[in-house]
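K.L.:
Quick one: sequence plus predicted model below, questions after.
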Amino acid sequence: MTVASLAQELGLWEEICENIHCFSGRKSRRLIDRLATLPIQRSRATRRLGSYVTRNGRPFCIRLQFAQEPENLKQTLLHEIAHACDHFSTRFAIRFRRAHGPSWQAWAKALGTSVKSCGRSEALDQLHRQRLKLVAVCQNCGAEFHRVRRLNQGRKYVHPSCGGPLRLL
């Protein structure tokens, strides 16, 4: 799946192309061509709606969590496309850019999405709660610790509140 195919499926592709053309002018055709072929991968993360991934300074993919609500998915896709457009339109010699800085914010506004840096999804929150497992119990006070991932077995853990040792399960 690519950005173009998912955006067409969601009914956003024409609007995205038009907004990019209005914002970047004569450079828009090249930018749209690069954006169209950028792969989209499913994310297993339950605390992140999406992410724009680069490897060695080159665009790699956009990861999206498809378990979120349909309107949220559209906004998340536009958010990540704004990251890609910011990356494509910035000179590669510039090594450090703020991820949600002024350049990205301009792209987000041009694409018609919010300039918030993080969003929430009730569906993902519920999925996260379902994945939580009991991983440790305090031997002093009996407090239980739930996480998605297990704790490392080779370490000693201490309950931050009472100082008691944790028994890993």
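P.N.:
Now that the structure is in, tell me what you want to look at.

K.L.:
Can I get the lowest-mean-pLDDT helix or strand in the chain as CSV, trimmed to CA atoms?
P.N.:
Least confident helix or strand, the chain: helix 122-131 with a mean of 84, by mean pLDDT, DSSP states H and E. The C-alpha coordinates for helix 122-131 follow below in CSV (Å, rounded to 0.1, in the frame of the first residue of the first chain):
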residue,chain,number,x,y,z
GLU,A,122,-10.6,5.8,22.2
ALA,A,123,-10.4,2.6,20.1
LEU,A,124,-6.6,2.5,20.6
ASP,A,125,-6.8,3.2,24.3
GLN,A,126,-9.2,0.3,24.6
LEU,A,127,-6.8,-1.9,22.5
HIS,A,128,-3.9,-0.9,24.8
ARG,A,129,-5.9,-1.7,28.0
GLN,A,130,-6.7,-5.2,26.5
ARG,A,131,-3.0,-5.9,25.9
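
K.L.:
Just the buried positions in the longest helix seen in the chain, please.
P.N.:
Using DSSP state H, we find that the single longest helix of the chain is helix 70-89. By neighbour count with 16 or more other Cβ atoms under 10 Å, helix 70-89 contains the buried residues 72-89. (Each C-beta comes from the backbone N, C-alpha and C, glycine too.)

K.L.:
what's the answer for stretch 111-131, then?
P.N.:
Of the residues in stretch 111-131, those buried (16+ other Cβ under 10 Å) are 111, 113, 121, 124.

K.L.:
Name the nearest residue to the residue of the chain most remote from its centre, sequence neighbours excluded.
P.N.:
Relative to the centre of the chain, the most outlying C-alpha is that of residue 140, 38.8 Å out, by Cα atoms, centre = their mean. Closest residue in space to residue 140, ignoring its immediate chain neighbours: residue 164 at 2.6 Å, by Cβ to Cβ, 6 or more residues apart in numbering.

K.L.:
so what pLDDT did that neighbour get?
P.N.:
Here, the pLDDT recorded for residue 164 equals 92.

K.L.:
ok, back up a step: contacts only, for the residue farthest from the centre of the chain.
P.N.:
By Cβ atoms under 8 Å, 6 or more residues apart in numbering, residue 140 lies in contact with 159, 162, 163, 164, 165.

K.L.:
And the strands in the chain?
P.N.:
Secondary structure of the chain by DSSP state E: the strands cover 40-42, 50-55, 58-64, 133-138, 144-147, 166-168.

K.L.:
Alright, that wraps it up for me.
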